[in-house]
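Trainee: fold the following for me, if possible:
(2 chains)
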Amino acid sequence: MTDTKAPLFDRFASAVADFGSPFYAEERQRDVWNEASAFGLQFFLWGSLVLSAVMFWVGGQPLLPWGAALMIFASIGSFLVLAYVKRLGVDVPVKGALKGRRMLAFLVVYLADVLGALHAVATSGSGSDTVAGFFAGLLVVAAGIVGLLYGQSRQRRRQQATHPGL
Amino acid sequence: MVKTTAQGQANAVRQCRVLSGLTQAQLADAIGVSRQTVVAIEAGDYAPSVYLALRLAAVLATTVEALFAAPEESPS
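Mentor: Numbering: from 1, shown residues only, chains lettered A, B, ... in the order given. From the prediction side, this is the model:
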């Protein structure tokens, strides 16, 4: 059942995920389902990034809008996950979620996407400045994320040096 | 074994259930979970919530502490 007094986002999440289902009442069933959902979501997100990169590099300009749509759709999914956990008071440190090899893999796939899209625009002959600008913007966003992570890391190291107990 | 987010550990649930003369299916019915969940708890593959642990203890006429001993602290 949906609580009509709940915020719209919560009602939307409940309707999409069917949180009222009796299936969720059995706790191990729920835990296993949640883990399976996390696996499926990660597969979808990584698969979307890889597939869109393949579309840009192999399909070229004709597949550019489809690849971009796939990336945007995957980004919306990620945003909804982060918004949901944030609403329930869980902070997901970006560096904690993506670190080591996962971070490297993400940057490689992300760069393959952005450079592939720029390559598709450049080789199409009828280059669209808007599309090129969009993907160049994504490149800047990637650089910004790396800079942000580096800044957070430096700040944390500095705090730990000043207050070793933290 | 696959690492899940709710890993349990060795416990006395099976021992207490056998002493109570219950089957896994009967225990599952009594505490409102599936038989697979009872199997997973007994095997130490799943750590039940505090509420489920309390129901387990009540049905098996024992305490949560007797069923699930606190893990020994590992030296850090």
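
Trainee: and A:Ser128, what's its pLDDT?
Mentor: Reported pLDDT at A:Ser128 in the predicted model: 62.

Trainee: and the residue in chain B positioned nearest to chain A, what element?
Mentor: Closest to chain A within chain B is B:Thr37: 4.2 Å, counting by Cβ to the nearest Cβ. For every residue, glycine as well, the C-beta is placed using N, CA and C. Element membership for B:Thr37 (DSSP states H and E) is helix B:35-42.

Trainee: buried stuff in that helix?
Mentor: B:Thr37, B:Val38, B:Ala40, B:Ile41, B:Glu42 (16 or more other Cβ atoms under 10 Å in any protein chain shown).

Trainee: mind listing what's buried along the next helix or strand after it?
Mentor: Sequence-wise, the next helix or strand downstream of helix B:35-42 (DSSP H and E) is helix B:50-59. Buried positions in helix B:50-59, judged by neighbour count with 16+ other Cβ under 10 Å: B:Leu52, B:Ala53, B:Arg55, B:Leu56, B:Ala57, B:Val59.

Trainee: for stretch A:51-60, give me every contacting residue.
Mentor: A:63-64, A:66-68, A:70-71, A:109, A:112-113, A:116-117, A:119-120, A:123-124 (Cβ atoms under 8 Å, 6 or more residues apart in numbering or on different chains).

Trainee: at 6 Å what do you get?
Mentor: Residues outside stretch A:51-60 that contact it (Cβ atoms under 6 Å, 6 or more residues apart in numbering or on different chains): A:Leu63, A:Gly67, A:Leu70, A:Met71, A:Ala112, A:Asp113, A:Gly116, A:Ala117, A:Ala120.

Trainee: next step: those restricted to helices.
Mentor: A:Gly67, A:Leu70, A:Met71, A:Ala112, A:Asp113, A:Gly116, A:Ala117, A:Ala120 (DSSP state H).

Trainee: just give the closest residue to the second one, not the sequence neighbours.
Mentor: Put plainly, it is A:Leu70. A:Ser52 (4.6 Å; Cβ to Cβ, 6 or more residues apart in numbering or on different chains).

Trainee: and the helix or strand hosting that neighbour with helix B:35-42, angle?
Mentor: Assigning secondary structure by DSSP H and E places A:Ser52 in helix A:27-54. Using axes from the mean of the first three to the mean of the last three Cα atoms, to 10 degrees, the direction of helix A:27-54 lies 90 degrees away from that of helix B:35-42.

Trainee: show me what counts as buried in helix A:27-54.
Mentor: Buried-residue list, helix A:27-54, by 16+ other Cβ under 10 Å: A:Glu27, A:Arg28, A:Gln29, A:Asp31, A:Val32, A:Leu45, A:Ser48, A:Leu49, A:Leu51, A:Ser52, A:Ala53.

Trainee: and the pLDDT at the residue nearest to B:Val59 when sequence neighbours are not counted?
Mentor: Counting by Cβ to Cβ, 6+ apart, B:Val59 lies nearest to B:Ala30, which is 4.6 Å off, once chain neighbours are set aside. For B:Ala30, the model assigns a pLDDT of 97.

Trainee: relative to B:Arg55, how far out is B:Ala30?
Mentor: Taking Cβ to Cβ, to the nearest Å as the measure, B:Ala30 falls 8 Å from B:Arg55.

Trainee: picking up where we left off before, could you dump the buried residues of helix B:50-59 to a markdown table with pLDDT?
Mentor: Below are the buried residues of helix B:50-59 laid out as a markdown table (pLDDT from 0 to 100):
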| residue | pLDDT |
| --- | --- |
| B:Leu52 | 96 |
| B:Ala53 | 96 |
| B:Arg55 | 97 |
| B:Leu56 | 97 |
| B:Ala57 | 97 |
| B:Val59 | 97 |
